[in-house]
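Asks: Provided below for reference: sequence and predicted model.
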Amino acid sequence: MVTAAANLRSAPRLRVPSRTITEPVTVCIPARNECRRLPALIEDLTGQRGVEDLWVLVFDDASTDDTAAIAEAAVAGDPRFTVVRSSDEPPPGWVGKPAACHRAREHAEALHPDRGGLLVFLDADVRLQPGALAAACSALRDTGAGLVCPWPFQESVSIAEIAVQPLLAWSWAASLPVRLANRSLRPSMAVACGQFMVFDSAAYHRVGGHGAVVNSLTEDLDIARLLRRRGVSTHVVAAGGVATCRMYEDARALRSGYDRWLWTAFGSRWGAVTALGMAGSAYLLPPAALAVGRGRVRRWGAVGYLAAVTSRLCARALERGASPTATDVAGAMGHPFSVTATAALTVSSHLAHHRGRTSWKGRALS
């Protein structure tokens, strides 16, 4: 609770700058089967302000729908946009997302070999306010970092999303002093979000870019750790005021998304067992003591439960960039259910991986 409250007060937030970004800004969008969500992002990018030299490459990653055609229609001939169609599947051992990012950057370099400047990767489900890109690029240069990850507000609509999605930001906001983590080069203190990543182009190339992590299911975190091991700082910045993302639209999509990578989260099965046991002790025993205990046990349970709820609300307010809503409060009150749901997702992910059934967007991952 103390860490989350401290971060709410002091963690950096993305601010729209008053100055114009004059450096070249290249945006790469890896898109596979994103015909429904991609047009909204393209519209957001056409409305960006404060970036003088913007070029966007949309990379259609062997989509089985009309992603490329829809993207070209949304671009409507804007010379700042290029749509590249690819029918190539990732080579053996390569994971789809980092492979698509790597190939998108290769195409960008082939088309503009001397462009340099800043390199941005955006997922198709991200939504941007008009000053978001300028704010992110300004944050990179102001901090002197090689990578800035603006953390979009994770929109949650369905019950499954409300239960699980806020835990993504809570996992670091409640456990890691963000300002200290941003100043550190410790790989273990890196926080990253692959939905929105802004690189110094030279630093990105120096470590091999996504080509160095093409076999990773958590390429965002792995590339941030790689940068830190090479002496390049990485920063996470709360961006809820200017960027949002809705990753999943129902419980089935959410489960599939977490099945894809959650088995990697704790290093091993025993690591997962240990982490889930600790989470159960910290976040399930107190509400149980509050519900059925007496006297001192019940008071202890109340303190533990309210501390968890408070940390969840602080993290959500930091992520949102505004006061928590009634939905946020309801989600925080149901924190024990969220922990239980995440434990179930972790077990599901391990089972799917063990059985060789892990897949994402029609591609087998294990």
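Replies: Perfect, thanks for sending it.
Asks: domains for the chain, by residue range?
Replies: Domain ranges of the chain: 2-157+168-249, 252-364, per automatic domain parsing.
Asks: Pick the most deeply packed of the ones you listed.
Replies: domain 2-157+168-249 (a mean of 20; mean count of other C-beta atoms under 10 Å). Heads up, the C-betas are built off the backbone N, CA and C, glycines and all.
Asks: how much distance is there from it to the middle of the chain?
Replies: In terms of C-alpha atoms, centre = their mean, to the nearest Å, the centre of domain 2-157+168-249 is found 9 Å from the chain centre.
Asks: Also stretch 311-320?
Replies: With C-alpha atoms, centre = their mean, you get 16 Å for stretch 311-320.
Asks: next one: phi and psi at the residue nearest the centre of the chain?
Replies: With distances taken as C-alpha atoms, centre = their mean, residue 193 lies nearest the centre of the chain, 3.0 Å away. For residue 193, the backbone dihedrals are phi -140, psi 110 (criterion: degrees, to the nearest 10).
Asks: Redo the domains of the chain as a markdown table? Include mean pLDDT.
Replies: Formatted as a markdown table, those follow (pLDDT from 0 to 100):
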| stretch | mean pLDDT |
| --- | --- |
| domain 2-157+168-249 | 95 |
| domain 252-364 | 92 |
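Asks: Now do the contacts for the residue nearest to the centre of the chain.
Replies: Contact analysis of residue 193 by C-beta atoms under 8 Å, 6 or more residues apart in numbering lists 149-152, 220, 236.
Asks: quick one: it from residue 134, how far?
Replies: 19 Å (C-beta to C-beta, to the nearest Å).
Asks: for residue 147, same thing?
Replies: Per C-beta to C-beta, residue 147 is found 17 Å from residue 134.
Asks: go on, residue 265?
Replies: On the measure of C-beta to C-beta, residue 265 and residue 134 end up 34 Å apart.
Asks: who does the longest helix along the chain touch, helix- and strand-wise?
Replies: The helix that spans the most residues within the chain, counting by DSSP state H, is helix 295-320. Packing partners of helix 295-320 (3 or more C-beta pairs under 8 Å, 6 or more residues apart in numbering; DSSP states H and E): helix 2-10, strand 153-154, helix 166-173, helix 269-283, helix 285-292, helix 326-333, helix 335-354.
Asks: Try it again at 7 Å.
Replies: Contact partners of helix 295-320 among helices and strands, from 3 or more C-beta pairs under 7 Å, 6 or more residues apart in numbering; DSSP states H and E: helix 2-10, strand 153-154, helix 166-173, helix 285-292, helix 326-333, helix 335-354.
Asks: can you list contacts of the second one?
Replies: This means strand 153-154. Strand 153-154 is contacted from outside by 165-166, 168-169, 240, 244-245, 247, 319-321, using C-beta atoms under 7 Å, 6 or more residues apart in numbering.
Asks: For that strand, enumerate its sheet partners and note whether each is parallel or antiparallel.
Replies: strand 243-245 (parallel) (DSSP bridges).
Asks: Would you agree residue 17 is in contact with residue 135?
Replies: Yes. Judged on C-beta atoms under 7 Å, residue 17 makes contact with residue 135 at a distance of 6.3 Å.
Asks: ok so, going back, what angle do helix 335-354 and the longest helix of the chain make with each other?
Replies: In terms of direction (axes from the mean of the first three to the mean of the last three C-alpha atoms, to 10 degrees), helix 295-320 departs from helix 335-354 by 70 degrees.
Asks: how far off helix 2-10 does helix 295-320 point, in degrees?
Replies: 30 degrees.
Asks: Let me see the residues that make contact with stretch 347-364.
Replies: Under the criterion C-beta under 7 Å, 6+ apart, residues 32-33, 64, 96, 255, 258-260, 262-263, 269, 272, 365-366 lie in contact with stretch 347-364.
Asks: Need the residues you listed in JSON lines (columns: secondary structure and distance to residue 107).
Replies: Below are the contacts of stretch 347-364 laid out as JSON lines (DSSP: H, G, I helix; E, B strand; the rest coil; distance: C-beta to C-beta, whole Å):
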{"residue": "32", "secondary structure": "coil", "distance to residue 107": "15"}
{"residue": "33", "secondary structure": "coil", "distance to residue 107": "19"}
{"residue": "64", "secondary structure": "coil", "distance to residue 107": "20"}
{"residue": "96", "secondary structure": "helix", "distance to residue 107": "16"}
{"residue": "255", "secondary structure": "helix", "distance to residue 107": "33"}
{"residue": "258", "secondary structure": "helix", "distance to residue 107": "30"}
{"residue": "259", "secondary structure": "helix", "distance to residue 107": "30"}
{"residue": "260", "secondary structure": "helix", "distance to residue 107": "25"}
{"residue": "262", "secondary structure": "helix", "distance to residue 107": "31"}
{"residue": "263", "secondary structure": "helix", "distance to residue 107": "32"}
{"residue": "269", "secondary structure": "helix", "distance to residue 107": "39"}
{"residue": "272", "secondary structure": "helix", "distance to residue 107": "38"}
{"residue": "365", "secondary structure": "coil", "distance to residue 107": "24"}
{"residue": "366", "secondary structure": "coil", "distance to residue 107": "28"}
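Asks: List just the nearest of those to residue 102.
Replies: Nearest to residue 102, judged by C-beta to C-beta, of those is residue 96 at 10.8 Å.
Asks: Please report the distance of the closest one from residue 142.
Replies: With distances taken as C-beta to C-beta, residue 96 is found 33 Å from residue 142.
Asks: Same check on residue 92?
Replies: Residue 92 is 42 Å from residue 142, by C-beta to C-beta.
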